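Colleague: Dropping the sequence and predicted coords here.
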Amino acid sequence: MESAAKSTAEAWRPDYAPGSLTGVFSPAMCERLIAIAESTGFSRSLVYGEDFGPSDDPELRSSDSAGISAVEHREYYAVVANLIQKYNAANCRFAISGLDVLQVIRYRPGERFKRHTDIIGEHGVLNRKISLILQLSDPASYEGGELIFAEKENVPVSRAQGGGCIFPAWVPHEVLPVTSGVRYSLVTWAVGDYFS
């Protein structure tokens, strides 16, 4: 399973440029998402490694995450689903069957997420097709924590509150260490059948 999954992930690498997003959510909506996540409660963010099982690997990823309920906060899902649908239709044309849970990710000083791809989902299934990351924090509230695309000359993504990026899940990216303050972001993935 591991070698087949790896070869599939390596084979599907057309160069779709990440799409830039601005003003997706207002600053008030961003602060509301942070408050929802704080009231829901955070837990350690996990990674899916070569064995395809979830693990807490602080050498690769150190952050906390909180899920946003699709039942209670449908309005956020609707906005994100619409963005992904438009990006997919204009760029990728992947077979998309749904949207993964919206997660608020919290990075405190010293925390980061080293270079990785998002393509591997739960239990090692290569079903994540499109990634979306939105900045929730006011950029003046933290330092460091830049989101960069490793294969795009390390150009950082805009830190504007309510903006972010959208890209195929196989594109390598990383979050550099936060040096002060707290960085919050919203992430999710469009999912579909296993890439073949």
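Modeller: Looks like it arrived, so ask away.

Colleague: Where does pLDDT dip in this structure?
Modeller: 1-16, 48-58, 121-126, 150-156, 195-196 (pLDDT under 70).

Colleague: Please repeat the previous calculation with a cut-off of 80.
Modeller: 1-17, 46-60, 120-126, 150-156, 194-196 (pLDDT under 80).

Colleague: how about the helices in it?
Modeller: Ranges of helices in the chain, per DSSP state H, are 2-11, 27-40, 74-87.

Colleague: Which one of these lies nearest to residue 181?
Modeller: Across these, residue 181 has its closest neighbour in helix 27-40 (12.7 Å, Cβ to Cβ). (C-beta placed from N, C-alpha, C; glycine too.)

Colleague: Quick check: which helices or strands does the closest one pack against?
Modeller: Under the contact criterion of 3 or more Cβ pairs under 8 Å, 6 or more residues apart in numbering; DSSP states H and E, helix 27-40 touches strand 64-68, strand 102-107, strand 183-191.

Colleague: Around the closest residue to residue 130 other than its chain neighbours, how many other residues sit close by?
Modeller: Using Cβ to Cβ, 6 or more residues apart in numbering and skipping the chain neighbours, the partner closest in space to residue 130 is residue 190 (4.0 Å). For residue 190, the neighbour count with other Cβ atoms under 10 Å is 27.

Colleague: what's the answer for residue 27, then?
Modeller: Residue 27 has 14 neighbours, counted by other Cβ under 10 Å.

Colleague: correct me, but it touches residue 162?
Modeller: Yes. The pair residue 27 / residue 162 is scored as a contact, 6.3 Å apart, by Cβ atoms under 8 Å.

Colleague: For residue 79, give me its contacts.
Modeller: Going by Cβ atoms under 8 Å, 6 or more residues apart in numbering, residue 79 touches 24, 25.

Colleague: Can you name the residues bridging to residue 104?
Modeller: Here residue 104 sits in beta bridges with residue 66, residue 186, going by DSSP bridges.

Colleague: That one: neighbouring residues, count only.
Modeller: Counted with other Cβ under 10 Å, residues neighbouring residue 104 total 24.

Colleague: roughly how far apart are it and residue 65?
Modeller: Residue 104 sits 7 Å away from residue 65, going by Cβ to Cβ, to the nearest Å.

Colleague: residues shared between the contacts of the two?
Modeller: Both residue 104 and residue 65 are in contact with residue 42, where contact means Cβ under 8 Å, 6+ apart.

Colleague: picking up where we left off before, would you format the helices and strands packed on helix 27-40 as CSV with distance to residue 86 included?
Modeller: Shown next, in CSV, are those (distance: least, Cβ to Cβ, whole Å):
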stretch, distance to residue 86
strand 64-68, 21
strand 102-107, 17
strand 183-191, 11
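
Colleague: Of the ones you listed, which is nearest residue 19?
Modeller: That would be strand 183-191 among the helices and strands packed on helix 27-40, by Cβ to Cβ, at 12.8 Å.

Colleague: quick one, that closest one and strand 64-68 angle?
Modeller: 60 degrees (axes from the mean of the first three to the mean of the last three Cα atoms, to 10 degrees).
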